[in-house]
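>>> okay, structure incoming, though there's no sequence with it:
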């Protein structure tokens with residue numbers, strides 16, 4: 001009886017928070033199709049803001065009602081647990097505008113595809129974000145986690161960040177005031193709605209060669225033909241996570257339809273009907289085995305939301 005009352009109160013709070021929101025609202029929306037791994041349960045409610053003003057509205061209401069929320073971009077670095085997410089999931093698919101705003105500056109909204117931003121830069125004879133072609137996430141997500149490859153990171157090219165904080169205030173942030181490090185930043189909590197990048201002029205054919213080279217390397221080293229969540233673990237202080245997992249003899253280990261990739265040890269692939277429980281069981285096995293064999297714990301890079 002108590003559980004039913006709590007559920008009713010929660011639904012009432014969500015309905016009250018979303019009253020007057022002009023955008024698209026979907027109740028009990030499956031999150032798995034919006035992720036690259038394709039596992040997990042539903043969102044209690046998923047909303048699709050189509051403007052910065054709608055993001056401000058939502059963050060103010062979330063703050064007023066003290067509701068849990070999660071920001072969903074392209075879902076490429078995410079594992080959703082089996083019972084889904086209780087609260088509001090904000091999906092930024094409509095905030096995807098990219099435009100040239102100067103000779104070497106690009107404005108881009110937070111929900112835009114990071115690889116599409118790399119292609120746009122190439123088309124406008126600009127270099128610096130070629131590495132983004134191999135990072136299948138949103139621009140907002142790439143900024144929030146300072147996505148990159150060895151020697152190249154997102155934060156190096158930013159000149160402005162627009163963020164709606166958890167109080168619903170729109171803030172313009174100078175990236176020079178933010179600390180960017182391996183897979184993290186010191187940005188305030190909230191929603192990155194847009195950013196500006198300043199890149200380097202370069203002939204498009206040269207940029208294209210770099211893009212193709214990086215994409216070829218990615219196809220050769222990563223299991224792109226399968227659903228996956230990208231790198232599961234951050235690289236430790238020494239070596240690469242995938243190499244330690246391979247040394248532990250774990251490549252190819254399979255639980256149900258979830259498998260540690262034979263091609264890259266730091267990837268878990270979904271053969272079609274994997275469950276979140278199977279993926280989590282593999283992650284636990286990877287961490288325990290590497291710790292037992294080599295004496296350190298692999299730290300997760302992939303984000304997890306929801307409950308088991």
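All right, it came through fine. What you see is a predicted model, and the numbers here were worked out from it, not measured in a lab.
>>> phi, psi of the nearest residue to residue 252 once chain neighbours are set aside?
The shortest distance from residue 252 to any non-neighbouring residue, by C-beta to C-beta, 6 or more residues apart in numbering, is to residue 262 (4.9 Å). C-beta here means a position set from N, CA and C on the backbone, and glycine is covered the same way. The phi/psi pair for residue 262 (degrees, to the nearest 10) reads phi -70, psi -30.
>>> got the contact list for residue 262?
Each residue near residue 262 by C-beta atoms under 8 Å, 6 or more residues apart in numbering is listed here: 223, 251, 252.
>>> the first one reaches residue 261, doesn't it?
Yes: checked against C-beta atoms under 8 Å, the pair residue 223 and residue 261 is within contact range at 4.4 Å.
>>> what is in contact with the two at once?
Both residue 223 and residue 261 are contacted by 267, 269, under the criterion C-beta under 8 Å, 6+ apart.
>>> comparing these two, which residue is more hemmed in?
Legend: neighbour count by other C-beta atoms under 10 Å for residue 223 and residue 261, higher for residue 261 (20 against 16).
>>> how far is stretch 270-287 from where the chain is centred?
Centroid separation between stretch 270-287 and its chain, computed with C-alpha atoms, centre = their mean, to the nearest Å, is 19 Å.
>>> same deal with stretch 295-308?
Distance of stretch 295-308 from its chain centroid, counting by C-alpha atoms, centre = their mean, is 14 Å.
>>> tell me the first helix or strand C-terminal of the helix or strand where residue 13 lies.
Assigned by DSSP states H and E, residue 13 belongs to helix 2-18. From helix 2-18 onward toward the C-terminus, using DSSP H and E, the following helix or strand is strand 24-30.
>>> elements contacting that following strand?
Secondary-structure packing of strand 24-30 (3 or more C-beta pairs under 8 Å, 6 or more residues apart in numbering; DSSP states H and E): strand 42-48.
>>> pull up the pairing partners for the strand it packs on, direction included.
Looking at strand 42-48 with DSSP bridges, its partner strands are strand 24-30 (antiparallel), strand 85-91 (parallel).
>>> tell me the spacing between residue 140 and residue 214.
Residue 140 sits 22 Å away from residue 214, going by C-beta to C-beta, to the nearest Å.
>>> ok, the contacts of residue 262 vs residue 58, which is closest?
Nearest to residue 58 among the contacts of residue 262 is residue 223, at 35.8 Å by C-beta to C-beta.
>>> give me every residue that touches the closest one.
By C-beta under 8 Å, 6+ apart, the residues touching residue 223 are 261, 262, 263, 264, 267, 269.
>>> ok, back up a step: okay, residue 140 and residue 214: which has more neighbours?
Each of residue 140 and residue 214 has its neighbours counted (other C-beta under 10 Å); residue 140 has more, 26 against 19.
>>> I'd guessed the more buried one sits against residue 191; true?
Yes: contact criterion C-beta under 8 Å: residue 140 and residue 191 qualify, at 7.3 Å.
>>> list the residues that contact both of those two?
Contacts common to residue 140 and residue 191, judged by C-beta under 8 Å, 6+ apart, are 71, 92, 110.
>>> quick one: which of those is most hemmed in?
The member of these that has the most neighbours, counting by other C-beta under 10 Å, is residue 110 with 27 neighbours.
>>> what sits closest to that residue if chain neighbours are left out?
Nearest to residue 110 is residue 140, by C-beta to C-beta, 6+ apart, at 3.2 Å.
>>> how about the helices in the stretch 101-250 of the chain?
Remark: helices assigned in the stretch 101-250 of the chain by DSSP state H, counting those that start in this stretch are 114-123, 139-144, 204-221, 241-247.
>>> now the shortest one: mean pLDDT?
Mean pLDDT, taken over the full extent of helix 139-144, equals 95.
>>> which strands or helices does it pack on?
Contacts defined by 3+ C-beta pairs under 8 Å, 6+ apart place helix 139-144 against helix 114-123, strand 190-198.
>>> looking at these, which is nearest to residue 24?
Closest approach to residue 24 among the helices and strands packed on helix 139-144 (C-beta to C-beta): strand 190-198, 16.4 Å.
>>> tilt between the closest one and helix 114-123?
Interaxial angle, strand 190-198 versus helix 114-123 (axes from the mean of the first three to the mean of the last three C-alpha atoms, to 10 degrees): 20 degrees.
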